[in-house]
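>>> generate a structure from the sequence data that follows.
(one chain, ligands or ions: 2)
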Amino acid sequence: MSDEPRQTMRVAAIGDLHVREDNAESYRELFGEISREADVLVLAGDLTDLGKPKEAELLAQDLKACSIPVVGVLGNHDYECGAHEEVAHILRDAGLKLLDGQSVEIDGVGFVGVKGFAGGFGRRMLGYFGEPAMKQFVNETMNETLRLENAMRHVRAKRSVVILHYAPIVETIESEPLEIYPFLGSSRLAETIDRFKVNAIVHGHAHRGRFEGRTPGGQPVYNVAKHIEKPTGKPYAIIEV
Ligand SMILES: [Fe+2]
Ligand SMILES: [Fe+2]
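Ligands and ions are numbered 1, 2, ... in the order given. Next up, the predicted model:
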C-alpha cells in the first residue's frame, strides 16, 4: 500500500433534476449513494422544473444527504419564474457551489461553470444578422462564451472540469429532433473550451441525447442529463479526472 495521495478524483455528474413543487421524486437517497461512490458531485443545470423558490427549497433539503462537495450551474428552467437569483441564493445556502462564470478549485481540480446558451452548431449556427432581436440572441451566446473564457483563464489547477447546461457539440444531443438542435446549444462554447486543455466537459439540457462525444479539439464531452443512459447504469455518471 502506498501513502501517496490519490491521483484521480471521482466526479459524479447529473443534470436536469427538474425538482417540482409536488416533490414527486426525492433525491435524498441518490445523493446519499453518490456521496459513497464519488469525491465531488456536479449538477449540470435545470435543478428545478420552473425556477420556483419552493422547488429550490425542496432540493436544498435533499442536498443535506450529500456529504461531498457539490458544484453546479443553473439551467434555462431555473430562470422560468424570473426568480433565479432567489433560487441561486437558496441553493448556495444549502452548500452548493453555484458557478455562473466563475471557477472553484476542489482537491487540486479546477471546476469552471457557466450556463451557456443556444445558437446552433458549426457552419449552420445563427449569425449576427438582421433584426435587433436576432442580434440580441447571438449576443447572449457570445456573452456566455466570453464569461466562460474569463473563468477558464483563472484556473490554476492542472486538472479541470467544465460544467455547462447547454451542449457545446452536436454528438451528445443526437437522437433529439433535428429541428430543435439550434436551441440545445452552441459550438461557440466548444470553440472557447478548445483554446484550453481540460479533462472533461459535462452538460445537460438535451434529455434525449447521447452520453459521450468529443469537441473538435478532441476533448471529452458528457451529456449527464438524468434521462441519458450512462455506463454506470445509474442516472448519474462517474467521470475520473
Ligand atoms: Fe432539462
Ligand atoms: Fe434545459
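
>>> pull up the gap between the residue lying closest to residue 26 once chain neighbours are set aside and residue 174, please.
The shortest distance from residue 26 to any residue other than its chain neighbours is 5.9 Å, reached at residue 62 (Cβ to Cβ, 6 or more residues apart in numbering). Heads up, the C-betas are built off the backbone N, CA and C, glycines and all. Residue 62 sits 31 Å away from residue 174, going by Cβ to Cβ, to the nearest Å.

>>> and if you look at residue 58?
To residue 174, residue 58 is 32 Å away according to Cβ to Cβ.

>>> now the most centrally placed residue in the chain: how far from residue 197?
Nearest to the geometric centre of the chain sits residue 44, at 2.7 Å (Cα atoms, centre = their mean). According to Cβ to Cβ, residue 44 stands 21 Å off from residue 197.

>>> what of residue 20?
From residue 20 to residue 197 the distance is 39 Å (Cβ to Cβ).

>>> whatever residue of the chain ends up closest to ligand 2 sits in which helix or strand?
Nearest residue of the chain to ligand 2 (Cβ to the ion) works out as residue 205 at 3.8 Å. Using DSSP states H and E, residue 205 is not contained in any helix or strand.

>>> check contacts around it.
Shown in contact with residue 205 (Cβ atoms under 8 Å, 6 or more residues apart in numbering): 15-16, 44-46, 75-76, 165-167, 184-185, 225.

>>> let's see which of those end up in strands.
Using DSSP state E, residue 44 are the members of these that sit in strands.

>>> also within reach of ligand 2: list those from the contacts of residue 205.
Contacts with ligand 2 within those, counted by Cβ under 5 Å from the ion: 46, 75, 76.

>>> now, which of these lie close to ligand 1?
Applying Cβ under 5 Å from the ion, the subset of the ones next to ligand 2 among the contacts of residue 205 adjacent to ligand 1 comprises residue 46.

>>> show me where this structure has its helices.
Ranges of helices in the chain, per DSSP state H, are 28-37, 53-63, 84-93, 132-153, 181-184, 187-193.

>>> quick one: closest of these to ligand 1.
Of all these, helix 181-184 sits nearest to ligand 1, with 10.2 Å by Cβ to the ion.

>>> which bits of this protein sit near ligand 2?
Residues of the chain lying close to ligand 2 by Cβ under 5 Å from the ion are 46, 75, 76, 205.

>>> quick check: phi and psi at the second one.
Looking back up the chat, that one is residue 75. The phi and psi values for residue 75, taken as degrees, to the nearest 10, are phi -120, psi 180.

>>> quick check: the residue lying closest to it once chain neighbours are set aside vs residue 78, distance?
What sits nearest to residue 75 in space, not counting adjacent residues and going by Cβ to Cβ, 6+ apart, is residue 45, at 2.8 Å. Plainly put, residue 45 is 7 Å away from residue 78 if you go by Cβ to Cβ.
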